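I need the structure of the sequence given here:
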Amino acid sequence: MRVTLSICAALAAALVPVAAFADDPNDPAMRNAAAHARDHEMTRQLNVDESAMVHERDARYAQGWRAYRGAGNNLAYNDDYAARMQDHDRAIAGYAHDRAQYERNMAAWRRAVAACRAGDYSACGN
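Residues are numbered from 1 along each chain as shown. Okay, here's the model as predicted:
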């Protein structure tokens, strides 16, 4: 049992990824000021490149949305959306009406059950 537990613990430790820390003060490679400056510049450049890619991607998305809206697609969408919203509002109103009727029916049934239990046997047939 102990051997199995030890083997499982060793496997789990081997599978856990090792975290990498930027500017680790204990990293011997970063004790040199020139190495630290190179690392800083490399990190800055990666951030600049990634930011440029994000801006380009967002510009493409915006261009696509402008083209979509310019094609008149939003009018059909808005008409369809308005129709679906009206259907939804009617369904909600119908549900409220049906729910109120259900509550009235349940109240009447409960009154009849209470009357039947109280001895009014004419109420028992409902």
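
Report the helix or strand with the lowest average pLDDT across the chain.
When the helices and strands of the chain are scored by mean pLDDT, DSSP states H and E, helix 2-15 comes last with a mean of 65.

Would you tell me what the next helix or strand after that helix is?
Scanning forward in sequence from helix 2-15 by DSSP states H and E, the next helix or strand is helix 33-70.

And that following helix, what's buried?
residue 39 (16 or more other Cβ atoms under 10 Å). For every residue, glycine as well, the C-beta is placed using N, CA and C.

can you state the direction angle for the helix or strand following that helix and helix 33-70?
Using DSSP H and E, the helix or strand that follows helix 33-70 in sequence is helix 73-117. Taking axes from the mean of the first three to the mean of the last three Cα atoms, to 10 degrees, one finds helix 73-117 and helix 33-70 inclined to each other by 80 degrees.

Could you pull up the mean pLDDT of helix 73-117?
For helix 73-117, the mean pLDDT works out to 88.

Repeat that for stretch 58-69.
87.

Just the CA trace of that stretch, in PDB.
C-alpha atoms of stretch 58-69 as PDB (Å, rounded to 0.1, in the frame of the first residue of the first chain):
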ATOM      1  CA  ASP A  58     -10.400  44.000 -34.300                       C
ATOM      2  CA  ALA A  59     -10.200  46.200 -37.400                       C
ATOM      3  CA  ARG A  60     -11.100  43.200 -39.600                       C
ATOM      4  CA  TYR A  61     -14.000  42.400 -37.400                       C
ATOM      5  CA  ALA A  62     -15.200  46.000 -37.500                       C
ATOM      6  CA  GLN A  63     -14.900  46.100 -41.300                       C
ATOM      7  CA  GLY A  64     -16.900  42.900 -41.500                       C
ATOM      8  CA  TRP A  65     -19.700  44.300 -39.300                       C
ATOM      9  CA  ARG A  66     -19.800  47.500 -41.300                       C
ATOM     10  CA  ALA A  67     -20.100  45.500 -44.500                       C
ATOM     11  CA  TYR A  68     -22.900  43.400 -43.000                       C
ATOM     12  CA  ARG A  69     -24.800  46.400 -41.800                       C
END
